[in-house]
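Colleague: just to be clear, the model below is a prediction. Sequence and coordinates:
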Amino acid sequence: MKKNWISVALFVGIGTCLAFGASIISVANSVNYEVLSYQIQYLDAQGVTFRVMFGLTNPSGYNLEVWQQRYDVYIAGYKVSEITSKNRYKLIPDNMSIIPLDIRLSWQDIQDKVAPLASSSSVVDIGTLPVLIKGKLSAKIGILKLAYVPFRMTLPLSNFLP
């Protein structure tokens, strides 16, 4: 008799965990984001740092907390930068929250990776180059924490150009 209850409790526990995991993944996939603005934060002999303000819309009815963000930035398939942010941000339910991220580009990377793209493309085509930002972040909804939530965004380079 006890073995039946143990297997039922185990089955219900695993099912509940899978349901919570699926709901968090669906929330992560349905978070809307857009680039609101950007500005040059630092300009020095080693490179340039852009501060990009992302607007994230939380579609769930719960507060969503985000931290430990780590992203890689690719332009036309070439990795040009890494973005990390240790700060915690709270995304209010059914509302847009603004998250600033600093993107650091070194002059050497621009010369080695971006300049050949610019020389092989016309000025009109540069704006159509794809910018891929992918990485991971940690998220918390209520009492449930996820240490790894994948993030992926593709935009044309023209969204970052004046």
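Modeller: Okay, I see it.
Colleague: so residue 137 touches residue 151, yeah?
Modeller: Yes. Residue 137 is in contact with residue 151 according to C-beta atoms under 8 Å; the separation is 5.7 Å. In this view, the C-beta of every residue, glycine as well, is placed from N, C-alpha and C.
Colleague: quick check: neighbours shared by these two?
Modeller: Common neighbours of residue 137 and residue 151, counting by C-beta atoms under 8 Å, 6 or more residues apart in numbering, are residue 69.
Colleague: tell me the pLDDT at residue 159?
Modeller: pLDDT recorded at residue 159 is 68.
Colleague: equivalent analysis for residue 44, please.
Modeller: At residue 44, pLDDT is 86.
Colleague: would you map the helices across this structure?
Modeller: 2-30, 107-109, 115-120, 123-126 (DSSP state H).
Colleague: how many neighbours does residue 71 have?
Modeller: Residue 71 has 20 neighbours, counted by other C-beta atoms under 10 Å.
Colleague: list the contacts of it.
Modeller: Shown in contact with residue 71 (C-beta under 8 Å, 6+ apart): 82, 83, 84, 101, 133, 134, 135, 136, 151.
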